[in-house]
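pasting the sequence and the predicted coordinates here, then a few questions.
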Amino acid sequence: MPEQKTTTEEFRVEGEKLIAKIKEIFHEGNIRRVIIKDKEGKTVLEIPVTIGVVGALLAPQLAAIGAIAALITEATVVVERTES
């Protein structure tokens, strides 16, 4: 099995744009995990993403992200990607 390399990206987004950014990230693919942090850098939500998770299976996570977006004004989205 080939060794997989993991890279990390961080995005700063405003609360109301959080869901749109998360959807954009999921559509890009090769996602291993998504971590949402508040303005102080504390982890608010961590979503492990399994390969092939799409559509209705993301609905509960998006609902949780929507609730978080309503409570915070600024967030950092940390994305772990896998490269083969």
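Now that the structure is in, tell me what you want to look at.

least confident secondary structure element in the chain?
helix 59-71 (a mean of 81; mean pLDDT, DSSP states H and E).

could you list the residues in contact with that helix?
Outside helix 59-71, the residues that touch it by CB atoms under 8 Å, 6 or more residues apart in numbering are 15, 16, 18, 19, 22, 23, 36, 44, 45, 47, 75. C-betas here are computed from N, CA, C, even on glycine.

rerun at 6 Å
The contact list for helix 59-71 (CB atoms under 6 Å, 6 or more residues apart in numbering) reads 15, 18, 19, 22, 44, 45, 47.

show me just the buried residues among the residues you listed.
Applying a neighbour-count criterion of 16 or more other CB atoms under 10 Å, the buried members of the contacts of helix 59-71 are 15, 18, 19, 22, 45, 47.

of the residues you listed, which belong to helices?
When DSSP state H is applied, these are split such that 18, 19, 22 fall in helices.

which one of these is nearest residue 9?
For those, the closest approach to residue 9 (CB to CB) belongs to residue 22, at 13.1 Å.

now do the same contact list for the closest one.
residue 65.

can you check residue 33 too?
Taking CB under 6 Å, 6+ apart, we find residue 33 in contact with 48, 80.

which stretches of this structure have low pLDDT?
1-2, 50-58, 84 (pLDDT under 70).

which residue is nearest the centroid of it?
residue 34 (3.2 Å; CA atoms, centre = their mean).

coming back round to it: ok, of the buried ones among the contacts of helix 59-71, which one's closest to residue 83?
Relative to residue 83, the closest of the buried ones among the contacts of helix 59-71 is residue 47; by CB to CB it sits at 19.5 Å.

list the contacts of that closest one.
34, 61.

bridge partners for it, pull those for me.
Under DSSP bridges, the beta-bridge partners of residue 47 are residue 34.

could you measure it against residue 34, distance?
5 Å (CB to CB, to the nearest Å).

same question for residue 82.
From residue 82 to residue 34 the distance is 13 Å (CB to CB).

hang on, residue 25 in a helix?
Yes: counting by DSSP: H, G, I helix; E, B strand; the rest coil, residue 25 is found in a helix.
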